[in-house]
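>>> no sequence on hand, only this structure:
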């Protein structure tokens, strides 16, 4: 239980953001294994693979070509196999109505993408640590809502 | 039709545990705080069978002594958070040290080493979980919840809630409410109490389980 790394997937179409994320997450205390996809279509293909070990945490950019973050969110939450995934929206948008809408549509976490690398490291550390506490204790994931900026 | 269900997780787990132990025709006694004393020997084959059977229910046998201690600390913290609703306890660290019969520094170091978070933070997480539960149950307003959970003021509760979740209690309540309204296909979050029902359980009884 405590020795299993957390399996994470990031869906983001921006090369720099993906690299930024990968570097920042390397220093997080909780052990992680990270998979990356380039957009929403790739994400849903990945998650729908028949014998996939479901990830513990999905980071989802809102603005992606081919299939947006919101569309992925809707699909994930209406799929019986995927509906219990913990989803973190990872977005540049800071509009309160957007944030609230993603929570209402079933996102667990909303992270406003910082431009500062150190800030990103701190945010990811917090998000992943809290997610890990949920994973290793019997906290109720349905009430898991977290907003960080 | 929609049924609303309240679970007593600890009672449920105890029954499951008893059923699985009975199935293997073992002689045992549940000694409390996540411990089962098996009388006589338990051959490896039976141990494995029991372990697999329990795993299906999300119940795990812990055999690493550090993990055992951490689970005991977590169980004690859950009791502490619920106990604080009935009597204001002087001191969390004194309570834990006395309950687990170990120096607090030792408990705190082991806990941090295994869970990568501090006992104090973990206590706060549980208080916030309890707050969320009470908000969803909808019978108490935020002021009443603050009083029930022994916060010094509503502001104290709101600040702690915001620090951990990034939202205000009212914001959280609004989101959960809107989720329920707009989601016809999915029933809302179930009210699952995290703690033992202290009135029906004998002292120290809990079962470790994994989510």
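Here it is on my side, so go on. In this text the structure is predicted, and so the values were computed from the model without any measurement. Numbers count the residues shown, from 1 in each chain, chains lettered A, B, ... in the order given.

>>> which parts of chain A are strands?
For chain A, the strands defined by DSSP state E cover A:6-11, A:32-37, A:57-60, A:87-91, A:109-112, A:146-148.

>>> spatially, what comes nearest to the residue of chain B found nearest chain A if we skip its sequence neighbours?
Residue nearest to chain A within chain B (Cβ to the nearest Cβ): residue B:166, separated by 3.2 Å. Yep, even glycine has a C-beta here, placed from its N, CA and C like the rest. Excluding the flanking residues, the one nearest residue B:166 by Cβ to Cβ, 6 or more residues apart in numbering or on different chains is residue A:147, at 3.2 Å.

>>> quick check: that neighbour touching residue A:110?
Yes - with contact defined as Cβ atoms under 8 Å, residue A:147 reaches residue A:110; the gap is 4.9 Å.

>>> now do the shared contacts for those two.
Residues touching both residue A:147 and residue A:110 (Cβ atoms under 8 Å, 6 or more residues apart in numbering or on different chains): A:99, A:103, B:166.

>>> show only the entries of those found in helices.
A:99, A:103 (DSSP state H).

>>> make CSV out of the shared contacts of residue A:147 and residue A:110 and add neighbour count.
Below are the shared contacts of residue A:147 and residue A:110 laid out as CSV (neighbours: other Cβ atoms under 10 Å in any protein chain shown):
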residue, neighbour count
A:99, 22
A:103, 23
B:166, 19
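
>>> on that earlier part again, contacting residues for the residue nearest to residue B:166?
A:99, A:103, A:109-110, B:165-167.

>>> closest to residue A:128 among those residues?
Lowest distance from residue A:128 to these (Cβ to Cβ) belongs to residue A:109, with 10.1 Å.

>>> how about the closest one: what's its closest non-neighbour residue?
Residue A:109 sits nearest to residue A:88 (Cβ to Cβ, 6+ apart), 3.7 Å away.

>>> show me which residues of chain A sit near chain B.
A:1-2, A:29-30, A:77-78, A:83, A:100, A:103-104, A:106, A:110, A:129-130, A:132-143, A:145-149 (Cβ under 8 Å from any Cβ of the partner chain).

>>> narrow these to those in helices?
A:77, A:100, A:103-104, A:129-130, A:132-136.

>>> which of those residues sits closest to residue B:123?
Closest to residue B:123, out of all of these and judged by Cβ to Cβ, is residue A:133, at 11.9 Å.

>>> following the host helix or strand of residue B:17, which helix or strand shows up next?
Secondary structure from DSSP states H and E places residue B:17 in helix B:9-23. Following helix B:9-23 in sequence order, the next helix or strand is strand B:28-30 (DSSP H and E).

>>> who's in contact with that following strand?
B:14, B:17-18, B:21, B:36-39, B:205.

>>> equivalent analysis for stretch A:118-131, please.
A:6, A:8, A:20-21, A:24-25, A:27-30, A:32, A:56-57, A:86, A:88, A:109, A:111, A:113-114, A:146, A:148-149, B:116-117, B:125, B:164.

>>> any buried residues in it, and which?
A:120-121, A:123-131 (16 or more other Cβ atoms under 10 Å in any protein chain shown).

>>> which residues pair with the one residue sitting closest to the centre of chain A across the strands?
By Cα atoms, centre = their mean, chain A has its centre lying nearest to residue A:59, at 2.0 Å. Beta-bridge pairing for residue A:59 (DSSP bridges): residue A:10, residue A:88.
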